[in-house]
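Engineer: The amino acid sequence is not available; the structure is as follows:
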DNA sequence: CCTGAGCGC
């Protein structure tokens, strides 16, 4: 399950985020979104977990908890913005 | 920045 993680502190990198979610289960990929042009973190990212139960567990346990000074907000990711609609 | 990412030599 792909999870959307918002309100990520700039001090958090993908490795730290992955380690955090790995405490609940296997993560297949972690992505922190950075601005294409400025290279700065947008403050949100995505964590793809192999097991849906672990994903929901992580979503529940990590939502609104302080991580590096910011309260994480975890929810199910939506499909990436499509150009076609 | 609460929903990303790769179109060039």
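Structural biologist: Structure received. All values derive from a computational prediction rather than experimental measurement.

Engineer: continuing past the helix ranked longest in chain A, what's the next helix or strand?
Structural biologist: Selection of the longest helix in chain A by residue count, based on DSSP state H, yields helix A:52-62. Scanning forward in sequence from helix A:52-62 by DSSP states H and E, the next helix or strand is strand A:66-67.

Engineer: picking that back up, how far does the longest helix of chain A sit from the chain's center?
Structural biologist: 11 Å (Cα atoms, centre = their mean, to the nearest Å).

Engineer: now for that helix, which elements pack on it?
Structural biologist: Using 3 or more Cβ pairs under 8 Å, 6 or more residues apart in numbering; DSSP states H and E as the contact test, the elements touching helix A:52-62 are strand A:2-6, helix A:14-22, strand A:41-49, strand A:73-76. The way it works is simple: take the backbone N, C-alpha and C, and place the C-beta from them, glycine included.

Engineer: what lines up beside the shortest one in the sheet?
Structural biologist: If I follow you right, that is strand A:73-76. Its sheet considered, strand A:73-76 pairs with strand A:2-6 (antiparallel) by DSSP bridges.

Engineer: Now do the partner strand against helix A:14-22, angle only.
Structural biologist: On the basis of axes from the mean of the first three to the mean of the last three Cα atoms, to 10 degrees, strand A:2-6 is oriented at 120 degrees to helix A:14-22.

Engineer: ok, residues contacting strand A:2-6?
Structural biologist: Residues outside strand A:2-6 that contact it (Cβ atoms under 8 Å, 6 or more residues apart in numbering) are A:17, A:21, A:43-49, A:55, A:58-59, A:62, A:72-78.

Engineer: 10 Å instead, please
Structural biologist: A:12, A:17, A:20-21, A:27-33, A:42-49, A:55-56, A:58-59, A:62-63, A:67, A:70-80 (Cβ atoms under 10 Å, 6 or more residues apart in numbering).
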